[in-house]
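# Predicted structure and sequence below. I'll ask about it afterward.
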Amino acid sequence: MRSSLSVITVLTACATASAADWAGFRGTGDGVAATQSLPLKWSPTENRAWVADLPGYGQSSPVVWKNHVYITSVAGKQREKGFIVALDATTGKEQWRHQFEPTQKADWSFFISKAAPTPVVDAEGVYSFFEGGNLIALTHDGKVRWERSLVKDYGAFAGDHGLGASPCQTADTIFVLVDTPGPSYLLAVEKATGKTRWKTDRDGKMSWASPVVTTRNGKPEIIVSSNGSVMGYDPATGKSLWRMAGLSGNTLPSACVDGDAVLVGAGVGRNGGDPKAAAKSNCCLTLTNEGGKPGYKVAWTAQSATASYASPLAYKGHAYFINAAGVLYCLDLKTGEELYSERLPSACWASPIAAADHIYLFSKDGRTTIIKSGPEIEIVASNRLWEPKGAATPNTPKEASKAAPQERPTPGGATGSGRGPSMGDMDNLVYGVAATDTAFFVRTGSKLYRISQPVRP
């Protein structure tokens, strides 16, 4: 059951949000949509309301506020152009775009993040963070409220693959996680002014997992599952409240909180790692208060379930994990007992979404498997967003690079050579999804799709 803890989180983060809004990465951070009316069937000719071309390329998820859909992207041989774009949610028409020059450049590559962090949005506007270091606040009309560069403020980001952590929010503060092999920190930024409220340094380790805001005993708390540990922070001060160490492989999936349960996902990345250690790191923690001191205990450790790219999902008493091969595992949220496993059409890079009685599983090749939530597998529908063209998309970046042509167009318009899939291959990858009261918004590298019943302007 989704407890009052999660409901309070929604109210804390976005006091005026409704079921028509999707205010950040995985909505309020748990991947649950507060609606009963999302579609169950679609295809290239049915319930695909519109598709919009986006500038450049990006890996962030869309966010939605009222009738605005916001998306970010970058372009250029060294990601020297950044974009924040607003589209009309009903028609897909571009309303405005904000273009800027990212502070930290990087050569374009399939192996480096490209506008990977998802923005957050509230009644005042949209707040976007980029792996180039830029943190920008815009009004819903596209006017700049404030802008700053974390690279200029605190130094260049280290690491060869860029950043991917999305910010999270409370009513008046944005929280940005920078985990790299070099300087690393969790930063609190005042929404109204862009000024730093506090900065807490962290051990330097590469990670792309995002922080999530939850609530414990009526007070907000930031949960960070990232490369070797899970930690809780006080959002008012940045003070570390508790820490679980000794984990492995939790560099991509973010934590998922449901009530006092915290799901931790982990897997072995493309650069290798310790499979046994990563497997043991998939677990469920229970948030505790002993003597008034916040802490945790390990409720259970998964036996075989792992989460490689997509974050785990907790919903209606069940826990869902998806591994690198696209195998879905369903576990009892209270005990950790494995109830079933099912192979999906391909791996999922987008995190699953739950709504009403269903779980939506968005495979990276445009296919979506919809199952009924519960202890037994019941596939409700299997939908395609586009018709497949040519060979199937490779399952991993490593496989994609081996199968790639030697010449590929770059976002700057020139032709470059080297390893990496063509831009066309890269574009047929589903990176992120937003859900509103009646529609999904699905993002590939350079396109945004609306899935819903036909809509009229």
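Received it, and whenever you're ready, just let me know what you need.
# Could you pull up the mean pLDDT of stretch 309-318?
Per-region confidence: stretch 309-318 scores 97 on mean pLDDT.
# actually stretch 251-267, sorry about that
On average, stretch 251-267 scores 96.
# for stretch 192-199, same thing?
The average pLDDT within stretch 192-199 is 98.
# same deal with stretch 374-390?
Per-residue pLDDT over stretch 374-390 has a mean of 92.
# which other residues reach that stretch?
40-44, 48, 316, 318, 330, 332, 339-340, 342, 345, 358, 365-372, 428, 430, 442, 449, 451 (Cβ atoms under 8 Å, 6 or more residues apart in numbering). (Each C-beta comes from the backbone N, C-alpha and C, glycine too.)
# Quick one: mark the members of those residues that sit in strands.
48, 318, 330, 332, 339-340, 342, 358, 367-372, 442, 449, 451 (DSSP state E).
# Only the buried subset of those residues, as a PyMOL command please.
To isolate the buried ones among the ones in strands among the contacts of stretch 374-390 in PyMOL, judged by 16 or more other Cβ atoms under 10 Å, type:
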select buried, resi 48+318+330+358+367+368+369+370+371+442+449+451
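# Can you find the helix or strand of this structure with the lowest average pLDDT?
Ranking every helix and strand in the chain by mean pLDDT, DSSP states H and E puts strand 407-409 at the bottom, with a mean of 29.
# Stretch 327-338: end-to-end distance?
13 Å (Cα to Cα, to the nearest Å).
# hmm, I was thinking of stretch 21-36
Stretch 21-36: ends 14 Å apart by Cα to Cα.
# Any buried residues in it, and which?
Buried residues in stretch 21-36 (16+ other Cβ under 10 Å): 21-35.
# Tell me where the model's unsure across the stretch 301-450 of the chain.
Where the stretch 301-450 of the chain drops to pLDDT under 70, the residues are 390-425.
# mind redoing it with 80?
389-427 (pLDDT under 80).
# could you pull out the helices for it?
397-403, 423-427 (DSSP state H, counting those that start in this stretch).
# Do a quick rundown of the strands in the stretch 101-250 of the chain.
Counting by DSSP state E, counting those that start in this stretch, one finds strands in the stretch 101-250 of the chain at the ranges 120-122, 125-129, 134-138, 144-149, 168-169, 173-178, 184-190, 196-202, 212-216, 219-226, 229-233, 240-244.
# Need those strands in a markdown table (columns: distance to K66).
Below are the strands of the stretch 101-250 of the chain laid out as a markdown table (distance: least, Cβ to Cβ, whole Å):
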| stretch | distance to K66 |
| --- | --- |
| strand 120-122 | 10 |
| strand 125-129 | 12 |
| strand 134-138 | 15 |
| strand 144-149 | 18 |
| strand 168-169 | 17 |
| strand 173-178 | 20 |
| strand 184-190 | 24 |
| strand 196-202 | 28 |
| strand 212-216 | 22 |
| strand 219-226 | 24 |
| strand 229-233 | 31 |
| strand 240-244 | 35 |
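# Among these, single out whichever gets nearest to R79.
strand 134-138 (11.0 Å; Cβ to Cβ).
# same for that closest one, what does it pack against?
Using 3 or more Cβ pairs under 8 Å, 6 or more residues apart in numbering; DSSP states H and E, the elements in contact with strand 134-138 are strand 81-88, strand 94-100, strand 125-129, strand 144-149.
# Check the gap between I353 and S363 for me.
Going from I353 to S363 by Cβ to Cβ, to the nearest Å gives 13 Å.
# actually V298, not the one I typed
Distance, V298 to S363, by Cβ to Cβ: 31 Å.
# the more surrounded of these two?
S363 (24 against 12; other Cβ atoms under 10 Å).
# residues in contact with the more buried one?
Applying Cβ under 8 Å, 6+ apart, the residues near S363 are G326, L344, P345, S346, A347, C348, T369, V430.
# and what of G336?
G336 neighbours (Cβ under 8 Å, 6+ apart): C283, C284, A299, W300, T301, A302, Q303, A319.
# Backbone dihedrals for it, both of them.
phi 80, psi 0 (degrees, to the nearest 10).
# picking up where we left off before, could you export the strands of the stretch 101-250 of the chain as JSON lines, including mean neighbour count and distance to P55?
What follows is the strands of the stretch 101-250 of the chain, written out as JSON lines (neighbours: other Cβ atoms under 10 Å; distance: least, Cβ to Cβ, whole Å):
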{"stretch": "strand 120-122", "mean neighbour count": "24", "distance to P55": "19"}
{"stretch": "strand 125-129", "mean neighbour count": "26", "distance to P55": "14"}
{"stretch": "strand 134-138", "mean neighbour count": "22", "distance to P55": "16"}
{"stretch": "strand 144-149", "mean neighbour count": "15", "distance to P55": "18"}
{"stretch": "strand 168-169", "mean neighbour count": "27", "distance to P55": "25"}
{"stretch": "strand 173-178", "mean neighbour count": "24", "distance to P55": "24"}
{"stretch": "strand 184-190", "mean neighbour count": "21", "distance to P55": "26"}
{"stretch": "strand 196-202", "mean neighbour count": "16", "distance to P55": "30"}
{"stretch": "strand 212-216", "mean neighbour count": "23", "distance to P55": "29"}
{"stretch": "strand 219-226", "mean neighbour count": "23", "distance to P55": "30"}
{"stretch": "strand 229-233", "mean neighbour count": "22", "distance to P55": "35"}
{"stretch": "strand 240-244", "mean neighbour count": "16", "distance to P55": "40"}
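# among the ones you listed, which is nearest Q78?
strand 134-138 (14.5 Å).
# just to revisit the earlier point, in strands, which of the contacts of G336 fall?
Among these, DSSP E puts C283, C284, A299, W300, T301, A319 in strands.
# List only buried entries from those residues.
Members of the ones in strands among the contacts of G336 classed as buried by 16+ other Cβ under 10 Å are C283, C284, A299, W300, A319.
# Which member of these is positioned nearest Y309?
If you rank those by distance to Y309 using Cβ to Cβ, A319 comes first, at 16.8 Å.
# I am finished for the moment; much appreciated.
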